[in-house]
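Colleague: here you go, sequence then predicted model.
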Amino acid sequence: MTISISWRRRFLGVDEILFASDSRLSAGYRWDCAQKIFPIDGPNFCISFAGDADFGFPCLFQFQCMVRNYRRFTTGAAPIGDMAKDFLAICNQMLTLVDDRKIAQFNRTQFIISGYDFDSGEAYQKIVRFNENIGKYQRYNFGGFSSNKNGFRVGFVGDKRNLFFEKLGRLMLARNTVLNYQPLEALAQILEGENIDSPIGGSPQVVKVYRHRNYLPYAIRKKYTERDEITLFGRPLLKYERTFYPIVSLDRFGCDDFIEYPGGIKSRPVSPPPSL
């Protein structure tokens, strides 16, 4: 299956939404290079998924086609809630078009939608999952863990839920700050301990969505010293590939060189988040 998470990071003038996920597809095999976070060009928000890729990918690709086909969506002028409503409609439509729903078991797939509204600038954060009682997909607010100071919640879909929130809770206590990069750190810790038999695996993948409605993927390096071992959306870069996206080093959480900016300065001083 997957771990897919999203949260809002806001302090000292920073206001952004982060997505993070593992990169493993499982279907009798393990394939650790799958993109699971999808920026929606135009309105510039993101959707991620956990569950069956047989259902998740077609829903996402068909929604991207819908956005390109409708000018108010392409320009981002429509409220994000309207676009989320149409994504929900596509999920429910696609569910009815499979010939054998018992074999397909597409109801196991879940999505996270998150971004900023064009008019209000407010964050929109929802989980889309199947409601067994009515036999349709519905939207739900983020639940679970809440940051103590600002009340922001961490959206979660997929496997290892209890383990993830246990690790996140420990990191929040240890750091004693508002919500920052602790969810990504918890995800990285879990992936470090998984093996080939786990439903999750591969490199984390990360995308940021900004309040002015831009998004930015982040490349991942497990260790700062392993300069050429870089993944983007879960796929290791080819030997001749270079990225100009920021690069996160998973062994440098809390350090000034945690994020490197290729093509510019090597790193930027990290502004520590406020303590609780």
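Modeller: Ah, there it is.

Colleague: show me where this protein has helices.
Modeller: Using DSSP state H, the helices found in the chain span residues 53-69, 71-74, 80-96, 101-104, 161-175, 182-192.

Colleague: which of those has the lowest average pLDDT?
Modeller: Least confidently modelled of the helices of the chain is helix 101-104, at a mean of 80 by mean pLDDT.

Colleague: from the chain's centre, how far out does that one sit?
Modeller: Once both centres are worked out by C-alpha atoms, centre = their mean, to the nearest Å, helix 101-104 turns out to sit 27 Å from its chain's centre.

Colleague: ranking the helices of the chain by burial, who's on top?
Modeller: Here the criterion is mean neighbour count by mean count of other C-beta atoms under 10 Å, and of the helices of the chain the winner is helix 182-192, at a mean of 22. Placement of C-beta: from N, CA and C, glycine included.

Colleague: by contact count, what packs against that helix?
Modeller: strand 3-11, strand 14-21, helix 161-175 (3 or more C-beta pairs under 8 Å, 6 or more residues apart in numbering; DSSP states H and E).

Colleague: let's go with 6 Å and repeat that
Modeller: If contacts are counted by 3 or more C-beta pairs under 6 Å, 6 or more residues apart in numbering; DSSP states H and E, helix 182-192 sits against helix 161-175.

Colleague: can you list the weak-confidence ranges in this protein?
Modeller: Applying pLDDT under 70 to the chain flags the ranges 1, 144, 146-151, 264-271, 276.

Colleague: the nearest residue to C33 once chain neighbours are set aside - how many residues pack around it?
Modeller: Closest residue to C33 in three dimensions, ignoring its sequence neighbours and counting by C-beta to C-beta, 6 or more residues apart in numbering: R235, at 4.4 Å. For R235, the count of nearby residues is 17 (other C-beta atoms under 10 Å).

Colleague: gap between P58 and Y245?
Modeller: 27 Å (C-beta to C-beta, to the nearest Å).

Colleague: please apply the same query to R10.
Modeller: Distance from R10 to Y245, by C-beta to C-beta: 22 Å.

Colleague: how about S21?
Modeller: As for S21, its distance to Y245 is 16 Å (criterion: C-beta to C-beta).

Colleague: tell me which of these two has more neighbours.
Modeller: S21 (30 against 17).

Colleague: quick check: bridge partners of that one?
Modeller: Beta-bridge pairing for S21 (DSSP bridges): S4, Q205.

Colleague: same question, V128
Modeller: Going by DSSP bridges, V128 is paired in beta bridges with F111, R139.

Colleague: residue contacts, it?
Modeller: For V128, the contacting residues are L88, F111, Y137, R139, by C-beta atoms under 6 Å, 6 or more residues apart in numbering.

Colleague: rerun at 7 Å
Modeller: Residues in contact with V128 (C-beta atoms under 7 Å, 6 or more residues apart in numbering) are L88, C91, Q110, F111, I113, Y137, R139.

Colleague: which of these ranks first by neighbour count?
Modeller: So for the contacts of V128 (other C-beta under 10 Å), the most neighbours sit at F111, 27 neighbours.

Colleague: test my guess that that residue contacts I47.
Modeller: Yes: applying C-beta atoms under 7 Å as the test, F111 and I47 come out as touching, 5.7 Å apart.

Colleague: neighbours around S275, how many?
Modeller: The tally of other residues near S275 (other C-beta under 10 Å) stands at 9.

Colleague: export the helices of the chain as TSV, with columns for distance to S275.
Modeller: Conversion of these to TSV gives the following (distance: least, C-beta to C-beta, whole Å):
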stretch	distance to S275
helix 53-69	39
helix 71-74	41
helix 80-96	32
helix 101-104	49
helix 161-175	9
helix 182-192	13
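
Colleague: relative to Y29, which of those helices is closest?
Modeller: Smallest distance to Y29 across those (C-beta to C-beta): 12.3 Å, for helix 53-69.
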